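Undergrad: sequence-free structure coming up:
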Ligand code: ATP
Ligand code: MG
């Protein structure tokens with residue numbers, strides 16, 4: 001027998017039961033984003049590799065070891081499957097001049113690709129909802145983003161998430177802190193692991209993010225960025241904190257929160273939970289005022305965040321989020337050639353009236369078709385046999401009665417069918433429900 005082909009490791013099929021939950025979530029998310037005035041944008045999954053090395057930073061986990069990069073076999077161009085959305089979004093905004101004269105509130109969602117070790121909550125193809133606000137400088141928009149997250153958690157009934165907050169300051173402040181940090185780490189070079197030694201001069205801030213337990217005490221005593229923050233940075237940060245206090249959103253200051261992408265400055269935040277094991281960060285974001293200029297645009301402040309959808313959906317399920325399996329309004333059973341033709345006609349016509357119908361396909365006795373009708377979750381069955389064809393009518397049979405008794409059934413003329421179904425199933429009066 002031929003060997004079956006399996007999906008790529010770390011890239012998941014999302015099967016119908018689960019995909020229903022995804023769609024439910026996506027519907028809720030769309031309403032949520034609209035409520036804050038954010039508009040959709042869709043970017044390609046593949047981008048020129050330099051976009052990411054320039055935006056995310058050469059010496060980051062993502063660019064150094066997680067990107068799916070390849071050479072286009074036809075023209076030799078270096079391409080990468082996007083590992084995140086912010087760089088693409090900013091590229092698109094600049095390419096199409098969207099920032100000319102107007103700030104932008106944008107969102108996107110879709111798959112991202114990172115070559116990581118797959119485990120619960122960590123995949124090689126995963127999905128994010130990304131939210132970006134470009135052209136806004138004040139702390140109000142940082143706070144808006146955090147409040148949006150809180151509202152989404154509340155809408156979904158998600159509990160046990162914590163907000164961690166930090167300020168990364170300005171490039172100047174970071175520069176001075178960086179110099180102090182390098183001097184300190186050089187003074188303790190014997191305690192650095194290979195990764196840290198390699199990053200000492202290229203990206204020392206990332207060393208603070210190390211998970212190596214042997215380096216924790218060294219890190220604890222390192223010079224802290226918050227000791228280097230100046231008046232303007234602190235005023236911006238105080239602004240964010242004041243809005244959050246007003247909104248009643250608790251947060252924990254974490255001066256070690258640095259994020260794995262180089263483009264952040266000022267406010268950074270993460271939402272984390274203890275309920276998902278090691279992969280506890282469900283959402284992360286912050287300000288990236290330098291990125292637009294770094295990608296060749298006229299300097300423009302910006303901030304944004306991304307939600308890890310797989311992790312959020314896992315947490316949603318932990319918190320009682322359930323799939324409501326969408327059922328058709330009606331299931332159409334039929335027997336005989338003329339009946340089948342009438343069934344098609346009736347089904348199409350009712351779909352035109354806004355009803356959802358599953359038309360039985362594949363034949364079988366009325367009894368076996370009725371079993372399928374029941375299992376479909378439909379409110380009612382439409383039964384069509386020779387008698388119905390003769391009478392130019394169908395039999396409407398209720399499948400779900402409150403007391404579990406066999407449902408009422410009656411013959412309805414084709415002309416009145418839409419009206420009758422609306423009245424019977426949904427208590428609706430319909431002016432032009434006839435077919
Ligand atoms: P982590 O520290 O967990 O690797 P990150 O800092 O690399 O996360 P970001 O680049 O900030 O993550 O992405 C935002 C969110 O996307 C994360 O908070 C997480 O919820 C989700 N995410 C990131 N990488 C993955 C992955 N490989 N699989 C599933 N979700 C992911
Ligand atoms: Mg990561």
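TA: Right, received. Where do you want to start? None of these values were measured; they are calculated from a predicted model. Ligands and ions are numbered 1, 2, ... in the order given.
Undergrad: Helices of the stretch 201-350 of the chain, residue ranges please.
TA: Assigned by DSSP state H, counting those that start in this stretch, the helices in the stretch 201-350 of the chain fall at 204-207, 216-220, 231-246, 291-294, 309-318, 337-352.
Undergrad: Include mean pLDDT and mean neighbour count when you put these into JSON lines, please.
TA: (Each C-beta comes from the backbone N, C-alpha and C, glycine too.) Formatted as JSON lines, those follow (pLDDT from 0 to 100; neighbours: other C-beta atoms under 10 Å):
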{"stretch": "helix 204-207", "mean pLDDT": "84", "mean neighbour count": "20"}
{"stretch": "helix 216-220", "mean pLDDT": "91", "mean neighbour count": "13"}
{"stretch": "helix 231-246", "mean pLDDT": "98", "mean neighbour count": "16"}
{"stretch": "helix 291-294", "mean pLDDT": "95", "mean neighbour count": "20"}
{"stretch": "helix 309-318", "mean pLDDT": "96", "mean neighbour count": "20"}
{"stretch": "helix 337-352", "mean pLDDT": "96", "mean neighbour count": "17"}
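Undergrad: Would you mind putting these into a markdown table with distance to residue 379 alongside?
TA: Shown next, in a markdown table, are these (distance: least, C-beta to C-beta, whole Å):
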| stretch | distance to residue 379 |
| --- | --- |
| helix 204-207 | 57 |
| helix 216-220 | 60 |
| helix 231-246 | 46 |
| helix 291-294 | 52 |
| helix 309-318 | 27 |
| helix 337-352 | 13 |
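Undergrad: Between these, which one is closest to ligand 1.
TA: helix 309-318 (4.5 Å; C-beta to the nearest ligand atom).
Undergrad: Does that closest one reach ligand 1?
TA: Yes. Using C-beta under 6 Å from any ligand atom, helix 309-318 reaches ligand 1 at 310-311.
Undergrad: Run the chain-centre distance for that helix.
TA: Relative to its chain's centre, helix 309-318 lies at 10 Å (C-alpha atoms, centre = their mean, to the nearest Å).
Undergrad: Need the residues that contact it.
TA: By C-beta atoms under 8 Å, 6 or more residues apart in numbering, the residues outside helix 309-318 that reach it are 21-22, 25, 109, 120-121, 123, 126-129, 156-158, 160-161, 273, 275-276, 279, 281-283, 321.
Undergrad: which of those are buried?
TA: The neighbour-count criterion (16 or more other C-beta atoms under 10 Å) marks 21, 25, 109, 121, 123, 126-129, 156, 158, 161, 273, 276, 279, 281-283, 321 among the contacts of helix 309-318 as buried.
Undergrad: Return the set of buried residues in stretch 149-158.
TA: Those would be 149-150, 152-153, 156, 158, for stretch 149-158 by 16+ other C-beta under 10 Å.
Undergrad: okay, these in TSV with pLDDT, distance to ligand 1 and secondary structure next?
TA: Formatted as TSV, those follow (pLDDT from 0 to 100; distance: C-beta to the nearest ligand atom, whole Å; DSSP: H, G, I helix; E, B strand; the rest coil):
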residue	pLDDT	distance to ligand 1	secondary structure
149	98	11	helix
150	98	16	helix
152	97	13	helix
153	97	13	helix
156	94	15	helix
158	95	13	coil
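Undergrad: Tell me which residues touch the residue nearest to residue 319 when sequence neighbours are not counted, please.
TA: Spatial nearest neighbour of residue 319, excluding adjacent residues (C-beta to C-beta, 6 or more residues apart in numbering): residue 158 at 5.1 Å. Listed by C-beta under 8 Å, 6+ apart, the contact set of residue 158 reads 152, 312, 315-316, 319, 321.
Undergrad: which is the next helix or strand following whatever helix or strand residue 387 lives in?
TA: Using DSSP states H and E, residue 387 sits within helix 386-391. Scanning forward in sequence from helix 386-391 by DSSP H and E, the next helix or strand is strand 393-398.
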